[in-house]
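Engineer: what would the 3D arrangement of this be:
(chains A and B)
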Amino acid sequence: MATQATAHQTKWWSGGKSPFNLEYGKLMMWYFLMSDAFTFGAFLISYGTIRFSQNFWPDPNVVFNAFPGAGHANLPLAFVSVMTFILIISSVTMVLAVHAGHKGDKQGVIKWLAWTIVGGIAFLGCQAWEWHHLITGEHAVLVDGKIEMWGQNMRHNPWGPIAEGITHNGHHVRTPGPVAFGGYFFGITGFHGFHVFSGVVINIIMLIMTQKNVFQNRGHYLMIEKAGLYWHFVDLVWVFVFLCFYLI
Amino acid sequence: MQHPAFEEVTYHHHADDATFKKKVRKTTILLSVITIIELAIGLMIYNIHKGENPNELLILMFKGAVCILTLAKAYYIVSIFMHLGDEIRNMIMTIVVPLLLFIWFIAAFLWDGNSYKNLRNKYDPHFKEKTMPAKHNKADDKTHEVKPAEKSGKE
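Structural biologist: Residues are numbered from 1 along each chain as shown, chains lettered A, B, ... in the order given. A predicted model of the protein is given here:
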């Protein structure tokens, strides 16, 4: 409890007030996110190291060119841009939820938090479709002089260099690509997807607590701010995953 | 708002609704526009790759441009959406300064991967023969018959 004396102190570091002018939990959320950034950074850099150690790496525009309901149409970058916009928009609705919390506007918090949750679930749905498509879609690959049908998984990579002069059912045939591609793609997007999932769970808990007037009775909506920081971080990581796996 | 939970917090920055809305709208548009530019560059890279003789330098420059745009996006998300830009300077520094490690981290490890590739190409001809892609002289749209295993022209 701050006394009258501490309230009048002018030195930041002499106790009684936060030198960073931040509430404890929020500051710790920042430090957690910083450590999480290093975890993601380590994953992405290790992916970069392996990629730089290979003579050939699949072109993302060739690998990620499918769109739900579009059959075999070649639509590079289309679906992942939808996913990116979903995440950006859900980040915006989270900003609005936090702002409503600042004003103690319970209905506003509920409304924007619900939209954020919808966005998160939509993103997870997109990711599930994409994984399913990559794992089950079969591609002709020339292995030891024979054509095999491979999906993209942790053991196989069907996106190697094109085998010159060979076609199969009118499509060109590729040779096996670097195996590490699948492990890194599923590992990193999966770890990010896990963050999205836990973010959605946290947001649902926040929504229930708001509905039950927990924050109203507490007098502040600081928890929404912390959940918001986590959610924005998930969006932030996606920006880099998008860069490393889909754009370059 | 004076409340026990805020006792350690000395002051608050409260933007009025109009300023706040304007800021959020501006940032949203900015992020969307940057993303669209990134996608356009991505498609450009795709088309250069498809072409006869891909200009490696041009592709590298486009990729660098996308990296810079991504950093810009990250800056706006952290500074505006996460309100880090509104915090006091000391606090910002405790987050940003450790992240500077990434500069070394990225440079060192990519360098290492590249060096491993060069060493293997030099001392392990089998690796080189197996993984080096053939020169880009695709004859994509010409029809070929399905031939039984034929050694493709790999170098």
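
Engineer: A:Val63 against A:Gly151, yeah?
Structural biologist: No. With contact defined as Cβ atoms under 8 Å, A:Val63 does not reach A:Gly151; the gap is 11.8 Å. (C-beta placed from N, C-alpha, C; glycine too.)

Engineer: neighbour count for those two, which is higher?
Structural biologist: Taking other Cβ atoms under 10 Å in any protein chain shown, A:Val63 and A:Gly151 do not tie; A:Val63 has more neighbours (20 against 15).

Engineer: B:Leu99 against A:Ala37, yeah?
Structural biologist: Yes. Judged on Cβ under 8 Å, B:Leu99 makes contact with A:Ala37 at a distance of 6.8 Å.

Engineer: anything in contact with each of A:Val63 and A:Gly151?
Structural biologist: The contact sets of A:Val63 and A:Gly151 overlap at A:Leu134 (Cβ atoms under 8 Å, 6 or more residues apart in numbering or on different chains).

Engineer: for chain A, give me the ranges with low pLDDT.
Structural biologist: Where chain A drops to pLDDT under 70, the residues are A:1-10.

Engineer: can you pull out the strands in it?
Structural biologist: Along chain A, the stretches classed as strands by DSSP state E are A:139-143, A:146-150, A:162-168, A:171-174.

Engineer: mind putting the ones you listed into a markdown table with mean neighbour count and distance to chain B?
Structural biologist: As requested, the strands of chain A are exported to a markdown table (neighbours: other Cβ atoms under 10 Å in any protein chain shown; distance: least, Cβ to the nearest Cβ, whole Å):
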| stretch | mean neighbour count | distance to chain B |
| --- | --- | --- |
| strand A:139-143 | 19 | 7 |
| strand A:146-150 | 15 | 7 |
| strand A:162-168 | 19 | 5 |
| strand A:171-174 | 18 | 7 |
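
Engineer: hang on, the earlier thing: between B:Leu99 and A:Ala37, which is the more surrounded one?
Structural biologist: Between B:Leu99 and A:Ala37, counting by other Cβ under 10 Å, A:Ala37 is the more crowded of the two (19 against 13).

Engineer: residues contacting residue 85?
Structural biologist: Just so you know, I chose chain A. Per Cβ under 8 Å, 6+ apart, neighbours of A:Phe85: B:32, B:35.

Engineer: nope, chain B
Structural biologist: B:78-79, B:92.

Engineer: now with 10 Å?
Structural biologist: B:75-76, B:78-79, B:92 (Cβ atoms under 10 Å, 6 or more residues apart in numbering or on different chains).

Engineer: ditto for A:Lys106
Structural biologist: Applying Cβ under 10 Å, 6+ apart to A:Lys106 gives the contacts A:100, A:210-211, A:213, A:215-216, A:221.

Engineer: can you check A:Phe191 too?
Structural biologist: By Cβ under 10 Å, 6+ apart, the neighbours of A:Phe191 are A:39-40, A:43, A:237, A:241.

Engineer: and the helices in the chain, which stretches?
Structural biologist: Looking at chain A here, since you left the chain open. For chain A, the helices defined by DSSP state H cover A:4-8, A:24-52, A:60-63, A:78-102, A:106-136, A:180-211, A:214-218, A:222-241.

Engineer: let me rephrase: I mean chain B.
Structural biologist: B:17-50, B:56-76, B:89-99, B:101-123, B:125-131.

Engineer: can you check the pLDDT for the closest residue to B:Leu30 other than its chain neighbours?
Structural biologist: Using Cβ to Cβ, 6 or more residues apart in numbering or on different chains and skipping residues adjacent in sequence, the residue nearest B:Leu30 is B:Tyr76, 5.9 Å away. According to the prediction, B:Tyr76 has pLDDT 95.
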